[in-house]
Every structure is written in structure tokens, then in C-alpha cells.
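A.B. asks: Pasting a predicted model and its sequence here:
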2 protein chains.
Amino acid sequence: MDIFDRAREITLVGSIGSILSWDQETYLPSGSADYRSEQLSYLAAHAHKLATSEDFLKSLAAAEASDDGSDLTRTANLRELRRETDRSVKIPTEFVARQSTAESAAHHAWIAARKASDFSLFAPHLQSLVDFALEKADLWGFASEPYDALLEGFERGTSTAAIAALFDDLVEKLTPLSAQAVAKTKASAPTLPDGPYPIRSQQDFNALIAAEIGFDFHTGRIDTTTHPFCTTLGPHDIRLTTRYEDSDFTSSLFGVMHEAGHGMYEQGVPTSDFGLPSGSAVSLGIHESQSRLWENQVGRSPEFWEKFYPIAQQYFPQLKRFALTDFLKYIHRAEFSPVRVEADEATYDLHIILRFRIERMLLNREITVAQVPDTWNGLFEQSFGFAPTDDANGCLQDIHWSMGGIGYFPTYTLGNINAAQLFTAATSVPEIAKATAAADYKPLLTWLRENIHSHGGSFDPPVLMQQATGKPPSTEDYLGHLAARYL
Amino acid sequence: MDIFDRAREITLVGSIGSILSWDQETYLPSGSADYRSEQLSYLAAHAHKLATSEDFLKSLAAAEASDDGSDLTRTANLRELRRETDRSVKIPTEFVARQSTAESAAHHAWIAARKASDFSLFAPHLQSLVDFALEKADLWGFASEPYDALLEGFERGTSTAAIAALFDDLVEKLTPLSAQAVAKTKASAPTLPDGPYPIRSQQDFNALIAAEIGFDFHTGRIDTTTHPFCTTLGPHDIRLTTRYEDSDFTSSLFGVMHEAGHGMYEQGVPTSDFGLPSGSAVSLGIHESQSRLWENQVGRSPEFWEKFYPIAQQYFPQLKRFALTDFLKYIHRAEFSPVRVEADEATYDLHIILRFRIERMLLNREITVAQVPDTWNGLFEQSFGFAPTDDANGCLQDIHWSMGGIGYFPTYTLGNINAAQLFTAATSVPEIAKATAAADYKPLLTWLRENIHSHGGSFDPPVLMQQATGKPPSTEDYLGHLAARYL
């Protein structure tokens, strides 16, 4: 087996773990959580053992030694395998197994804690996950602070300090913009006609829209979970999930468009390279740009609804007494909501920046786990003017920490920035602008396939953005988009 | 790791494979069949490698050498692990991987062939599976004929010749009985009120009944597949599947009661011994006795319906104009149907014996794969008086061969025999008879837990039957049951 066969084997083992995780979220009987943790731990340990084996290291070194640089994809794959390997070998197998068991237990505790809105049920698990994060950061090493080491796992080629500076700048411009947008909504906020919007109708309409924007159901599906996600169980097996509110069909619809954006990226990377960096998504900040572009730049645009609102009215007859102009005002409303996943574009990044700041403080030991609820509520009040009513709508609302995903949140805001920048670049091509204005999204998807998806993980995110848009990531297009939509 | 830890590890890997197989039947996107085959092959090869490793063999030998026979369960576990190991080590790892790939491809070909009712699409795959079966039989060795070696994998302690003799005897008595039962039905056969019986209502009613007879949804669930089955994905994760006809709710109901019978057996074995023979079902002939007992001895009894028919009438209002006496005649009808899974008790074993005879002829090279459809149709006509209309309703109807399960079918008829014998023994206890007559099934389940489930695989099936019923397996109670129900 050469290094590429070995990398594919590790991905195969990982994909089996993803099937088990997907099942855990969708269909696992409640009594079987413990054994599922054992199964997942076993696979995680097995994958780690393969990725850090003598044979793997020797194969990688041999391939590096014989690489003449003539095949750019091969060279990029070796570079990224080296990066991942250098991180992996620093984490002992027993650590991976312990961490996986802790994450699985934390996940179940989080579900119970969120249900009971009782942070104390989750606190010991969060403590354990923070300890794991700090231990990992020490094992990996970091330039300035532990958060750097974690961030690199989600978004390569940036730093905590750079993110913090970018976010400080964004907050400065977003704070007045969001306040203005919220005030405007308060002055004139139409209410969606009463439900029920039957779940079966939502499922049918969502599937129609997902197919329309380009999600391929031959290699994917949609199921129901508490927290929506997209996961890759194989090169041709991409699964989305969503959740339903029978009082508002747009909640699941925009959720599905978001996850379908992730899914179309996964469906667009070179599947023949599945298991290699060149056949994988490059980073979460680029991943999130795909989901946000389809959710926001496309899904919340007037052009989209000019075509699809009449169809929505067929699925949900009560919309027939609600004009398109009112519907657009409804989906462009801005509110200071306590719940991130329900936040609008004008306020979303304030939620993210709050989480980033809490994570950073936890890892720098500036606050303890016990202080998380108070810190959360205090920071929240500063941005939004009120505190969440309870932990379920506050620091317990997100799945991420329960899965050990500390360092993940900043990629959401990077995604928003990248989405606006990519959409602006794509629609600067006249044919794409014309098709998009008529809600025909094939040319847009083709542009994304060519400029982003087809490159997999061969280039660093800033290089990829430069190639695709002619400039490095910046907040300019994003702030322009928000101003145009909300002011 | 001692031999018991190693056995548990192999079961854990197998349980992960079962999750993937379950998902393949229930939710896998159609485009992802190939990669799922790779994932399954990988796990099968990994499990086989573990089960035939030097370390495993040494651990087993060491445990055997130090066993003083004072712990009967430990001794039984070592005896059964030795039996399985002696069979495993004779099959090379590469053979297991090749076979697993072939089975997965055959399974998908079978789905397509059945849909098109075109045996030629499946024939090359069946040839390959027969070749694998013969190759395995040669590797394992056998007393009289290749079928013996395959049968032992499903039902230990019997022989092809013994089964053939038992089946010849059964056919002799069943042929006149089934003909009489069919004639009686023809003379007076009420028709179920027209559908639709909405699938959602069927699901709700089935779940109510499954819970009522003792299936635990805390450690189990029900999904939808083309071919119903029950699978164990962990000690507390037992999954049933069924399929729905909206013209007849009894099809999915009896399917669920059948699979729930399997599921309650799996829920009843000692879960702390999960992964060891003492924590596993003993054989398919005993397994099938549990499913058939709940489906037929319980589910088709007048006592059951005296209690549950009024509830069924609430779920399916059209039953309100159909008297219980007519409903009982309807579910006790006997017909010569081409489809095994829809066959009634009076004719079911004729289907099984036909399959057993074809398998035996294939393995003894008395017929070729190409002759299967004609042989099937000819034998079918001898028993039933007419030939199936097409292969989809003939030799393509069952999933078993497509999964490599040659040698499996006889255990269905063994199950029927065992079910009647166990039910007769249990209801010879006055309190159980009294409760069962009032459709209270807790005492019956408790008796099965004590006499069958709790022993796991510690005793050979004939010993288990002798202990539970006071006599070895015989057709007496079964023929008595059929005569009482149909004549």
C-alpha cells in the first residue's frame, strides 16, 4: 500500500464512524447510547492507529522523498498529509479513545441539559472537553495562545489574533447596522400567516427547492434531527438534516438550503480523489461560504421568491392571502433573538463573535466553566440589550461544544465574508448575473464547481479566494450586501 | 486481552457492520452502493483477521488449558468459541473479502432483477454465490454432502439427511391438510373491507401491538424496507423492519409481530454477556420459533383479537362494518399463494421445503443455476397446482440467496415446529394458559425469557428444547396446532 491507499483507508474508517454518528443523531434508540460510544471510540482509535503507524509514516516519507514536483495535485496532497500527520502523531491513541468517549457522553448530557435548561448537567462535561482542548493545544504546540492550535484544525493559514482583529472591526460596523435594521423591522414587521404548515408539505417543498438549486438526491438525502447538519458518509453519500416548526415553514427551508449548500460542495469535490486532500473540502470557512451563499445570497433574494413564491403558495395555501412584498419584508426582518440558528443576517455575526470570545477566555483561563452562563448572558446583553431567558436559549443552545468543537465558531463568520465575496465575483460575469436574476442557478453552481469545489483541498483558503475573486478575503462585499439588504 | 475481551471486540466490529447493512436497506442513497460495499468488505475482513489472529488462537488455547469446568457458562462459551474458530480459521481473509464484495453486488443485482422480474440479471451473481458456498463447504469439510457444512452455520447439531427425512414426513401430512384448508377457505372466504389502510395508522397500530406483547422501544425501533428483517446493532439496539400494503393492514402487522418475536429474543438474552455465545441467540431454528410463536400462536389467535379487534376498529374505521368472526375467518384463510412471506400457516412449509430441495440440488450439482427458474416452477406446480406468473413472484422473491444465505431456509420450518412445541409447553402451566386466554402476554414472555432467552447460546438447540418442553423437537404439537386452526 502506498501513502495514498493508506490515506484512503483512514478516510474509509472515518466514513464508517460518520455513519454511526449520523445514526446516533437520527435513529438510535435512547437505551443504546453507551454501546454506540464504545463503537465510535473503537473506530476513532483504529483510525488514529492507522494514521500514526510506522507503516504510514514510512510510506509518507518515501513518497515525499521521491516527489519531483511535476504533479501539482500529488505535491499538494503530500503537503497536506504531512500537515495532518504532524498533528496526529502528537496525540496518543489512548488520548483519542478517551476523548471520543468523553465527547459521546458530553453529547448525551448536552441533550438532557438543553431539554431541562440546566447548565449544571452539562458543566462537568464541558470542563472535561476544555481540559481535552488545552491538553491537545499543548501537545500540538502554538505560536501565541492555545486557541491558535485548535483553530488550525478548522481553518488553516490564520491566527487567533488575526481573527480577533477582523471580528473587532466587523463588530464596530455591524453594531450600528444591526441596530438600524432592527429598528426598521420594528417600525414595519408583517407577520407570517398562522400555521400549521404541515411537516409533510414542508418536506416536499424543501426537497423541491434543494433539487432546484442543484442538490443531487441520487447521492444524498434529508432527515430530521434536533440540530441540523450535513455529513459525508462516502463519495456519493451526502446527508443533510433539518428540523421543523409547524408555525413557520421558512425555518426548515432556509435550514435545508444552508445544509444543501454544504452538501453541494461535498458533491462537487473530485470524488475519484475521495480520501485524499485534493478530494476533500478545504476548510470550514470555505464550507460555510457555500452554505451561506445558497441560504442568504440566493435563498433570501427577491429574485428567488419571484419564481418560487407562487409554488410555495400551492404547498401552503394560507400564503395566498400574504403578498410577496410582505413576505420579503418578513424574511428580511432583523431581530435581536437569543437563538443563533434563528438569527438573521444582520445580527448573526454578533452571536458568533460572542462565542469566539467566550472560547478564547476559557482557553486562556480568564474565566472558568462555572462562569460560562453569566459571562454569556453579560456579553449577550451588551450586544443585544437583553439577556436570554434561560440556558436552553443561552449557552446550551449549540451542539458544537458537546462534540468537542472548540475553535469551530469563527469559521461561521469567515463563511459569511467569503460567501458575499464569491457571490459578488460570480455575478460580475454577465451571463451568471442574468441567469441568477431569473432564478436559474445552474450557471452559478457551475462557477462554484469550477472555482471552489473542483480544487478540493489543494490550495490554502486565502489562495483559493484570491484565485476565485481576484482579492484576499475582506469584509467589503459582505458589509455591502448587508447594507443593501437591510438599510 | 483475554479470549472473552477478544470475542467482544469481534462482535463490536460485527455490530458496526450490522449498522451499515441496516442503513443500506433503509436509507442509503441509490448512488452509493459501491462505496458501501467497500466499507462492509473492510469491516468483514477486519473481523475475520481478528477472529483468526495468532493472538486470538493463543488466548483461546490458554483459556481452554486453564478451564477447570467449575463455571458451566465459561465452559460453554469456550466450547462454542472453539467451534466458531475452527470454522473461521479454515476460511482465508482474502476469501471473506471477496465473498463480502460479491454478496453486496449480488444484493443490488437482486433488487434490480426482482424489480424487472428478470432472473438473468441475477443468475451470474447466484452462480458466484453457489461457487462460494461449495468452496466454503470444501474448506470446512462435511460428513455426507456439502449442504451439511452450510447448515451447521445456521443450526448446529443436525444434518441435511435428518432435515430431509423430517421434511419428507411433514410434506406427507401437510399436503392433504393444506389442500383441505384451501378448499375450506374457497367455500367461505370473507373479504377484508377495502382500503386504504393509511400507512401512518398502520405504523401507530403496529407500534401499539409490538409494545403490548413486550417489544421494548427504549432499546429498539421499526423502519421500512422491501424485505422485513430484525437486526442487532448492539446489546440495547434491536431494529425491526416491515413493509406496508395500504389495502391490508394485517400484512405489516403480522410482519411486525414476527420481527418483534425475533427482537424480544434478542432483548432477552443476557446483555452483560453481549459478544459471547452465552449472550447470543443459539440458532436460527430457535430464533424463528420466537418470531412464529408471536406471529401465529399469539397473533392469529381468537383470544388476541377479542381484545385488540375493537382497538383495530378505531385505527381503521372501515373494520366497524366487518364482524370479528369474519375477520378471524379472513386471517385464518388458506390459499396457495406464490409468495412465501404472504403464505399462511397451512401452506408455509411447502414453500420452505421447495427452497431446501433446490438448494440441496444446486450444491449436489444435480441442477445448474440456469435451471433454477424451471425447477422452481416445476416443484411449485407439484405442491400448489399452478406455476408462479413470473420470477419476481417465483425464484426472485427472497432476499436470502442474494445475501449468501444458502442453508438458511430449513430453519424456518424448524422454527414452526419449535414454536408450537414451546407454546404447548408454556400454556400447560395453568396461570400462563389463563393469562394468554385473556390476551395478557407477560407470563408467556416471562416463561420464554426463563426457558429460552436467558440461556443464550449455552446449550445445543435440541438440549434447550428438551429442557424447556420435556421432549426433543417433533412435529406432533405443530401438526396438532395446524389441524385445530384449519380443520
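C.D. replies: Thanks, I have the structure now.

A.B. asks: Setting aside sequence neighbours, what's the nearest residue to A:A63?
C.D. replies: Of all residues not flanking A:A63 in the chain, A:I3 sits nearest, at 4.5 Å (CB to CB, 6 or more residues apart in numbering or on different chains). All C-beta spots, glycine's among them, are computed from the backbone N, C-alpha and C.

A.B. asks: Could you double-check that that neighbour lies in contact with A:L81?
C.D. replies: Yes: between A:I3 and A:L81 a contact is recorded at 6.6 Å, counting by CB atoms under 8 Å.

A.B. asks: Which residues of chain A lie near chain B?
C.D. replies: Applying CB under 8 Å from any CB of the partner chain, one finds that chain A approaches chain B through A:9, A:12-13, A:15-16, A:19-20, A:23, A:27-32, A:34-36, A:38-39, A:42-43, A:216-221, A:223, A:233-239, A:274.

A.B. asks: Any of those residues buried? List them.
C.D. replies: Among those, those classed as buried by 16 or more other CB atoms under 10 Å in any protein chain shown are A:9, A:12-13, A:15-16, A:19-20, A:23, A:27-29, A:31-32, A:35-36, A:38-39, A:42-43, A:216, A:219-221, A:233-239, A:274.

A.B. asks: burial measure for A:I3, as a count.
C.D. replies: Neighbour count for A:I3, taken as other CB atoms under 10 Å in any protein chain shown: 23.

A.B. asks: what about A:S458, is that helix, strand or coil?
C.D. replies: coil (DSSP: H, G, I helix; E, B strand; the rest coil).

A.B. asks: Which residues are in contact with it?
C.D. replies: A:S458 sits next to A:72-73, A:76-77, A:277-278, A:282 when contact means CB atoms under 8 Å, 6 or more residues apart in numbering or on different chains.

A.B. asks: What sits closest to it if chain neighbours are left out?
C.D. replies: Using CB to CB, 6+ apart, the closest residue to A:S458 is A:A76 (4.2 Å).

A.B. asks: Just the element for that neighbour, please.
C.D. replies: helix A:72-88 (DSSP states H and E).

A.B. asks: Likewise for A:T226?
C.D. replies: With DSSP H and E as criterion, A:T226 is part of no helix or strand.

A.B. asks: Grab the nearest non-local neighbour of it.
C.D. replies: A:R243 (6.4 Å).

A.B. asks: from memory the one you found sits against A:F229, does it?
C.D. replies: No: contact criterion CB under 8 Å: A:R243 and A:F229 do not qualify, at 10.6 Å.

A.B. asks: These two: which has the busier surroundings?
C.D. replies: Of the pair A:R243 and A:F229, A:F229 is the one with more neighbours under other CB under 10 Å, namely 17 against 14.

A.B. asks: The more buried one reaches A:I238, doesn't it?
C.D. replies: No: between A:F229 and A:I238 there is no contact under CB under 8 Å: 11.3 Å.

A.B. asks: So which elements touch the helix or strand just after the helix holding A:A76?
C.D. replies: Downstream of helix A:72-88, the first helix or strand assigned by DSSP H and E is helix A:93-116. The contact analysis (3 or more CB pairs under 8 Å, 6 or more residues apart in numbering or on different chains; DSSP states H and E) places helix A:93-116 against helix A:33-51, helix A:119-140.

A.B. asks: phi, psi of A:G220?
C.D. replies: phi -170, psi 170 (degrees, to the nearest 10).

A.B. asks: Next one: it relative to A:E266, how far apart?
C.D. replies: 8 Å (CB to CB, to the nearest Å).

A.B. asks: Show me chain A divided up by domain.
C.D. replies: Residue ranges for the domains of chain A, per automatic domain parsing: A:3-89, A:119-487.

A.B. asks: sorry, back to before: how close does the residue nearest to A:S458 get to chain B?
C.D. replies: 24 Å (CB to the nearest CB, to the nearest Å).

A.B. asks: for chain A, which residue is closest to the average position?
C.D. replies: A:E288 (5.0 Å; CA atoms, centre = their mean).

A.B. asks: Report the contact partners of the residue nearest to A:A63.
C.D. replies: Neighbours of A:I3 in contact, by CB under 8 Å, 6+ apart: A:56, A:59-60, A:62-63, A:78, A:81.

A.B. asks: any idea which of the helices and strands packed on helix A:93-116 is most buried?
C.D. replies: Across the helices and strands packed on helix A:93-116, the average number of neighbours (mean count of other CB atoms under 10 Å in any protein chain shown) peaks for helix A:33-51, which reaches a mean of 20.

A.B. asks: count of residues packed around the residue nearest to A:D460 when sequence neighbours are not counted?
C.D. replies: Nearest residue to A:D460, sequence neighbours excluded (CB to CB, 6+ apart): A:G157, at 4.5 Å. Using other CB under 10 Å, A:G157 has 14 neighbouring residues.

A.B. asks: Look at A:G157 and give its secondary structure.
C.D. replies: A:G157 is classified as coil under three-state DSSP.

A.B. asks: Would you mind writing the ChimeraX command to select the buried ones in the contacts of A:I3?
C.D. replies: A single ChimeraX command is used to select the members of these judged buried by 16+ other CB under 10 Å:
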select /A:56,59,60,63,78,81
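
A.B. asks: In strands, which of the contacts of A:I3 appear?
C.D. replies: Among the contacts of A:I3, no residue falls in strands (DSSP state E).

A.B. asks: So which of the contacts of A:I3 is the closest to chain B?
C.D. replies: A:F56 (16.4 Å; CB to the nearest CB).

A.B. asks: quick one: pLDDT of that closest one?
C.D. replies: Per-residue confidence (pLDDT) for A:F56: 96.

A.B. asks: Excluding chain neighbours, give the residue nearest to it in space.
C.D. replies: A:R6 (5.2 Å).

A.B. asks: secondary structure element for the one you found?
C.D. replies: Here A:R6 is assigned to helix A:3-26, by DSSP H and E.

A.B. asks: Over to A:I222?
C.D. replies: strand A:220-224.

A.B. asks: other SSEs contacting the very next helix or strand once past that strand?
C.D. replies: Past strand A:220-224, further along toward the C-terminus, the next helix or strand under DSSP H and E is strand A:230-234. Packing contacts for strand A:230-234, counted by 3+ CB pairs under 8 Å, 6+ apart, involve helix A:3-26, strand A:237-242, helix A:249-268, helix B:33-51.

A.B. asks: change it to 10 Å
C.D. replies: helix A:3-26, strand A:220-224, strand A:237-242, helix A:249-268, helix A:284-292, helix B:33-51 (3 or more CB pairs under 10 Å, 6 or more residues apart in numbering or on different chains; DSSP states H and E).

A.B. asks: quick one, what contacts the nearest residue to A:P198 once chain neighbours are set aside?
C.D. replies: Distance criterion CB to CB, 6+ apart; nearest residue to A:P198, sequence neighbours excluded, is A:D246 at 6.9 Å. Residues counted as contacts of A:D246 (CB atoms under 10 Å, 6 or more residues apart in numbering or on different chains) are A:195-199, A:201-202, A:252.

A.B. asks: want to throw the residues you listed into JSON lines with neighbour count, pLDDT and distance to B:E259?
C.D. replies: Output for the contacts of A:D246, formatted as JSON lines (neighbours: other CB atoms under 10 Å in any protein chain shown; pLDDT from 0 to 100; distance: CB to CB, whole Å):
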{"residue": "A:G195", "neighbour count": "13", "pLDDT": "91", "distance to B:E259": "36"}
{"residue": "A:P196", "neighbour count": "13", "pLDDT": "96", "distance to B:E259": "33"}
{"residue": "A:Y197", "neighbour count": "25", "pLDDT": "98", "distance to B:E259": "35"}
{"residue": "A:P198", "neighbour count": "14", "pLDDT": "97", "distance to B:E259": "30"}
{"residue": "A:I199", "neighbour count": "15", "pLDDT": "96", "distance to B:E259": "27"}
{"residue": "A:S201", "neighbour count": "17", "pLDDT": "97", "distance to B:E259": "31"}
{"residue": "A:Q202", "neighbour count": "24", "pLDDT": "98", "distance to B:E259": "31"}
{"residue": "A:S252", "neighbour count": "23", "pLDDT": "96", "distance to B:E259": "32"}
